[in-house]
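Engineer: Please work out how this folds:
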Amino acid sequence: MSLKNPEKPVTPSITVQQCIENLRAYKPPPDKFIYKNRAAVLIPLIINPITGDLDVLFIKRADNLKSFPGEAAFPGGRIDPTDENLYITATREAEEEIGLKRSDIELLCQFPPLLTSNFLLVSSFVALIKNPAEFKPTLNPQEVSQIFMVPLRLFISREIHDHKDVDWGGQPYRIHIFRWQSWTILGLTSHLMNSVVKVAYRLSELPWTEYAPNQLEDSLLILALRPEIKLISESNI
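Structural biologist: Residues are numbered from 1 along each chain as shown. Take a look at the predicted model:
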C-alpha cells in the first residue's frame, strides 16, 4: 500500500498551536524500570515555514549500521556513562547525528519507555525546533543518510496506515506501519507516533485498533519479555 498525496486525512479541528500546547501539558507516568540497557530518542517537531504544518522530522539510518540499517527512525542512541539523564542522551545523539543542538529546541514532553526488538529500553522526548527557518541540519554520514519530514496530521490518516500482527517472544504484538511517498515507518518509531498523535490531538482512541488480540499493555509487555527488568517500589519514586 502506498499513497503519494494523502491530502485530506480525517484530522480533528485542532490548530498547530493547540497540538503543541497539548504536548506541553502531557505528564507521563513515572519511569519505574531498572535496567542496564537504556537508550533515548528525540522526536523533533518543526513548524514548516512553507506550509505552516507541524511536521515530524525523521532520519534514515545509514546502511552500514549494525542495528536497523536503512530504516526510518528518530535521532537517538544508548545512554553514555557521562550522561546525567536520558534527555541528555537524546539531545547529545541528536546533535551528533543531525547537528540539532539542545539550545535549538524546547522540550515539550516525555513518553513512557518502550522495548525495541533488540531489547533496548528506549525513552522518548518530544521537542519543538524553536527557529525553523534557521535550522540547517548537518548529517553525520556514519549514522544518518537522509532526513525527511512528514506532517503530523497524516499520522491519523487510514490511507497511509497498515499493520501486521506477530509473535514476539511468545507474546502477541501489533506492528504499525505508515507508508508515505517513498518512506516506510514502522516498529518502535511508528508505535511512538501513535502515542504522539493521541496526545497532540487529544484522541481517546486512534482510527485503528492499537493492539493485537490479547496483547499486553506496554509496561506489562516489557516485563513479560525481559524478566530481568525490575521495578522501583512506589515508596522510592
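Engineer: Please enumerate the strands of the chain.
Structural biologist: 33-34, 38-47, 54-61, 72-73, 76-78, 105-115, 121-129, 144-151, 161-168, 171-180, 183-186, 230-231 (DSSP state E).
Engineer: Out of those strands, flag the one nearest residue 213.
Structural biologist: strand 171-180 (6.4 Å; CB to CB). Where C-beta positions appear, they are placed from N, C-alpha and C, glycine not excepted.
Engineer: Turn the strands of the chain into JSON lines, columns for distance to residue 206.
Structural biologist: Compiled in JSON lines, these are given as follows (distance: least, CB to CB, whole Å):
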{"stretch": "strand 33-34", "distance to residue 206": "25"}
{"stretch": "strand 38-47", "distance to residue 206": "17"}
{"stretch": "strand 54-61", "distance to residue 206": "16"}
{"stretch": "strand 72-73", "distance to residue 206": "19"}
{"stretch": "strand 76-78", "distance to residue 206": "24"}
{"stretch": "strand 105-115", "distance to residue 206": "15"}
{"stretch": "strand 121-129", "distance to residue 206": "17"}
{"stretch": "strand 144-151", "distance to residue 206": "16"}
{"stretch": "strand 161-168", "distance to residue 206": "9"}
{"stretch": "strand 171-180", "distance to residue 206": "9"}
{"stretch": "strand 183-186", "distance to residue 206": "15"}
{"stretch": "strand 230-231", "distance to residue 206": "28"}
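Engineer: dump the residue contacts of the most centrally placed residue in the chain.
Structural biologist: Closest to where the C-alpha atoms of the chain average out (CA atoms, centre = their mean) is residue 192, at 3.9 Å. The neighbours of residue 192, taking CB atoms under 8 Å, 6 or more residues apart in numbering as the test, are 41, 43, 74, 111, 114, 124.
Engineer: do the same with residue 71
Structural biologist: 60, 61, 186, 187, 189.
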